[in-house]
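I'd like to go over a predicted model; first the sequence, then the structure.
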Amino acid sequence: MLGTLKTLGTRTPLAFAALLLGAAASAHAVTGWNETIQGDLSNNGLAPTVVTIAAGINTVLGYVGNSGAGVDRDYFSFSVPAGWQLSSMILRPETNISGSASFLAIQAGPQVTVSPSGVGAVALLGYVLYSPDQIGNNLLQDMALPGGVLGSGTYSVWVQELGGLSPYGLDLVVAEVPEPGSAALLLAGLLGTAALRRRAVR
């Protein structure tokens, strides 16, 4: 990083700002849960599997549907720490469905108390019917959550498919809550420093 900064000394301040902003926004990818490796996620909304997430991209891979032994639903919960937010939940390319669409919902708290029949659905923060057409979409926006993000707290996710057993993949992106105007202030400061440096050289 320091070597890169030295080579930028003769470049434009905008390039320098872009480097710093890019470094601040970079995120590492981790596997929050992979059913193939870690086992089946809970089929009980009152006892979801706890998935540990961290800053960056957290991938959840699972299967839902009916393989002939009854409907396998997936329930998992996660916690977003103070000062951070779930900025997006991206539908991954592993996703497929058996019918026309599958179902995903989010409820605040460590449980999904809504019955699979839909009783108590008012408790949900939001839900979406997803299909492969939405791969790459941010499902938080598709379910029209206020602000399009989830702030700090504990949340539970319910994924369901009523057709045959089908794979799905989600990228839960955890980012630091931005301070108001922080990016603009950084850029202004860098431009100001570059202007002072030009004056000193003259």
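Sure thing, it's come through.

give me every residue that touches Glu148.
Wrong residue type there; residue 148 is Gly, not Glu. Counting by CB atoms under 8 Å, 6 or more residues apart in numbering, Gly148 touches Ser88, Asn138, Leu140, Gln141. For the C-beta atoms, the positions are set from N, CA and C on the backbone; glycine is no exception.

pLDDT (mean, whole number) over the host helix or strand of Ser88?
Ser88 is located in strand 84-91, with elements delineated by DSSP states H and E. For strand 84-91, the mean per-residue pLDDT is 98.

show me what that strand is packed against.
helix 139-142, strand 166-176 (3 or more CB pairs under 8 Å, 6 or more residues apart in numbering; DSSP states H and E).

so what touches it?
Contacts of strand 84-91 (CB under 8 Å, 6+ apart): 55, 80, 130, 134-141, 148-152, 155, 168-177.

tell me where the chain has helices.
2-7, 13-25, 35-38, 139-142, 182-201 (DSSP state H).

okay, the fourth one in CSV with CA atoms only?
Backbone C-alpha positions of helix 139-142 (Å, rounded to 0.1, in the frame of the first residue of the first chain) are rendered in CSV as follows:
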residue,chain,number,x,y,z
LEU,A,139,-33.2,-8.7,-2.4
LEU,A,140,-33.3,-6.1,0.3
GLN,A,141,-34.3,-3.6,-2.4
ASP,A,142,-36.6,-6.1,-4.1
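
which of the residues in that helix are buried?
Of all the residues in helix 139-142, those buried under the rule 16 or more other CB atoms under 10 Å are Leu139, Leu140, Asp142.

which of the residues you listed has the weakest pLDDT?
Per-residue pLDDT puts Asp142 lowest of the buried residues of helix 139-142, at 94.

OK, contacts around Ser77?
Ser77 touches Pro48, Thr49, Val50, Val51, Pro110, Gln111, Thr154, Tyr155, Ser156, Val157, counting by CB under 8 Å, 6+ apart.

my guess is the third one contacts Tyr75. True?
No: Val50 lies out of contact with Tyr75 (CB atoms under 8 Å); the separation is 10.5 Å.

who has more neighbours, the two?
More neighbours surround Tyr75 than the other of Val50 and Tyr75, with 22 against 14 (other CB atoms under 10 Å).
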